[in-house]
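[1] Generate a structure from the sequence data that follows.
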Amino acid sequence: MKLASLRDGSRDGQLIVVSRDLSLAHHASHIASRMQQALDDWNFIGPQLNDLYQTLTEGRARHAFPFDPGQCMAPLPRAYQWADGSAYVNHVELVRKARGADMPETFWTDPLMYQGGSDDLLGPHDDITCADEAWGIDFEGEVAVVTDDVPMGTTAASAGQHIRLLMLVNDVSLRNLIPAELAKGFGFFQSKPATAFSPVAVTPDELGSAWDGHKVQLPLIVHWNGKRVGHAHAGTDMVFDFPRLIAHVAKTRNLKAGSIIGSGTVSNKDASRGYSCIAEQRALEMIAEGKPATPFMKYGDRVKIEMFDATGQSVFGAIDQTVAAPPEASRRSK
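    Here you go, the predicted structure:
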């Protein structure tokens, strides 16, 4: 099943069901008006949404309309929780090596995790707004899961049963603000602006054999200004799978339905597969040449993040964003 939140002037959008090929959609308001409502009562509402989905996909829905991802908000425009991990330790190792920092052995056994802002999540075509290009604007292509209620103390062995939906992520980072924030010893805040998500969220069964209950076994395709810069495989080199990440978050707290858990930047040891964030490419350049050559994003730059199944069909639709100055900064520059 594929679900999305259509922009309608409200904070949470209108829940719609989207056909498998992403060509058609159907309002789901007679079942649930918004995504969070469906997640809050998934065992009752989920099967009804799936019936509508099957009707739509089979071409039997009477009130279907063309699906326009440009009119989508994030599947969850605001969420109770957005926690992002760093499951691809290769990414962490490269970035630390580039700045001459050792990597503690515990990074291979205990996931890194930060809590992001979840009250203002971006739609797939919303601009990446930034007041200053000098802050080092970077994209980060990721995969995320959405959970139902997860009790505190849930183990990795049972955490997978709490996964309800999967999405793609652009976890934007302002790289030049990160060092000073981390030096305070209290984690990211200003360096992590609003995060964007794919047009649709999909149930695990939509991935077929590409979902093994733990990881997504497909490449993540990243284009920057029309050039493909990455096709890292999301199932390869993922040290901490999604059940492990969920268990990490739930060690000392309950997770409420609608919690989003991210994988961190998808990264492979095989450098020929490119990169899912600029910082990783710059790290490789620093290691090889002693200085980075690839610049961060500028106003007008465009990033596109997408994933395709074995038949070439887009699974989640594309995150397709342009970097822009906020209106206030634009007026000041004139």
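[2] those helices in the stretch 101-250 of the chain, which residues are they?
    Using DSSP state H, counting those that start in this stretch, the helices found in the stretch 101-250 of the chain span residues 156-159, 178-183, 242-249.
[3] which residues touch the first one?
    Contact partners of helix 156-159, identified using Cβ atoms under 8 Å, 6 or more residues apart in numbering, comprise 150, 241-244, 246-247, 250. Placement of C-beta: from N, CA and C, glycine included.
[4] I'd like the residues you listed laid out as JSON lines, including neighbour count, pLDDT and distance to Ile261.
    JSON lines is the format used below for the contacts of helix 156-159 (neighbours: other Cβ atoms under 10 Å; pLDDT from 0 to 100; distance: Cβ to Cβ, whole Å):
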{"residue": "Val150", "neighbour count": "23", "pLDDT": "98", "distance to Ile261": "9"}
{"residue": "Asp241", "neighbour count": "19", "pLDDT": "97", "distance to Ile261": "11"}
{"residue": "Phe242", "neighbour count": "29", "pLDDT": "98", "distance to Ile261": "7"}
{"residue": "Pro243", "neighbour count": "23", "pLDDT": "98", "distance to Ile261": "10"}
{"residue": "Arg244", "neighbour count": "19", "pLDDT": "98", "distance to Ile261": "10"}
{"residue": "Ile246", "neighbour count": "26", "pLDDT": "98", "distance to Ile261": "6"}
{"residue": "Ala247", "neighbour count": "21", "pLDDT": "98", "distance to Ile261": "10"}
{"residue": "Ala250", "neighbour count": "22", "pLDDT": "97", "distance to Ile261": "10"}
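[5] wait, which of those residues is closest to Tyr299?
    The closest of the contacts of helix 156-159 to Tyr299 turns out to be Phe242 (Cβ to Cβ; 34.9 Å).
[6] and the gap between the closest one and Leu220?
    15 Å (Cβ to Cβ, to the nearest Å).
[7] do Lys2 as well
    18 Å.
[8] And for Pro204?
    17 Å.
[9] Between those two, which is the more surrounded one?
    Leu220 (27 against 19; other Cβ atoms under 10 Å).
[10] hey, what's the more buried one bridged with?
    Ala232, Met307 (DSSP bridges).
[11] List of residues touching stretch 83-92?
    103, 107-108, 111-116, 142, 144, 169, 171, 195, 237-241, 244-245, 248-249, 259-269, 277, 280.
[12] Among the residues you listed, which ones are in strands?
    Within these, residues falling in strands by DSSP state E are 113-115, 142, 144, 169, 259-262.
[13] Please indicate which of those are buried?
    Neighbour counting by 16 or more other Cβ atoms under 10 Å classes 113-114, 142, 144, 169, 259-262 among the ones in strands among the contacts of stretch 83-92 as buried.
[14] Isn't Ala131 up against Pro326?
    Yes: contact between Ala131 and Pro326 holds when scored by Cβ atoms under 8 Å: they sit 5.8 Å apart.
[15] Any idea how many residues pack against the closest residue to Leu112 other than its chain neighbours?
    Of all residues not flanking Leu112 in the chain, Ser86 sits nearest, at 4.0 Å (Cβ to Cβ, 6 or more residues apart in numbering). Around Ser86 there are 22 other residues, counting by other Cβ under 10 Å.
[16] rewinding a little: which one of the helices of the stretch 101-250 of the chain lies closest to Gly208?
    helix 242-249 (16.8 Å).
[17] Distance check, the nearest residue to Phe308 once chain neighbours are set aside against Pro243.
    Take Phe308 and drop its neighbours on the chain: the residue closest to it by Cβ to Cβ, 6+ apart is Ser314, 5.7 Å away. Plainly put, Ser314 is 26 Å away from Pro243 if you go by Cβ to Cβ.
[18] Then Met297?
    Taking Cβ to Cβ, one finds Met297 at 33 Å from Pro243.
[19] now Gly187
    24 Å.
[20] before we move on, what about Phe67?
    From Phe67 to Pro243 the distance is 31 Å (Cβ to Cβ).
[21] Can you give me the neighbour number for Asp102?
    Neighbours of Asp102 (other Cβ under 10 Å): 7.
[22] Could you list the low-confidence segments of this protein?
    329-334 (pLDDT under 70).
[23] What is the longest helix of it by residue count?
    Longest helix in the chain, counting residues (DSSP state H): helix 42-57.
[24] Give the next helix or strand downstream of that one.
    Tracing the chain past helix 42-57, the next element assigned as helix or strand by DSSP states H and E is strand 65-66.
[25] What pairs with that next one, parallel or antiparallel?
    strand 24-27 (antiparallel).
[26] which residues touch the partner strand?
    4, 6, 14-19, 52, 55-56, 61, 63-67.
[27] can you do 10 Å?
    2-4, 6, 8, 14-19, 33, 52-53, 55-57, 59, 61-69, 71-72, 200 (Cβ atoms under 10 Å, 6 or more residues apart in numbering).
[28] from the buried ones among the ones in strands among the contacts of stretch 83-92, which two are the most distant?
    By the measure Cβ to Cβ, Glu142 and Ser259 form the most distant pair in those, at 15.5 Å.
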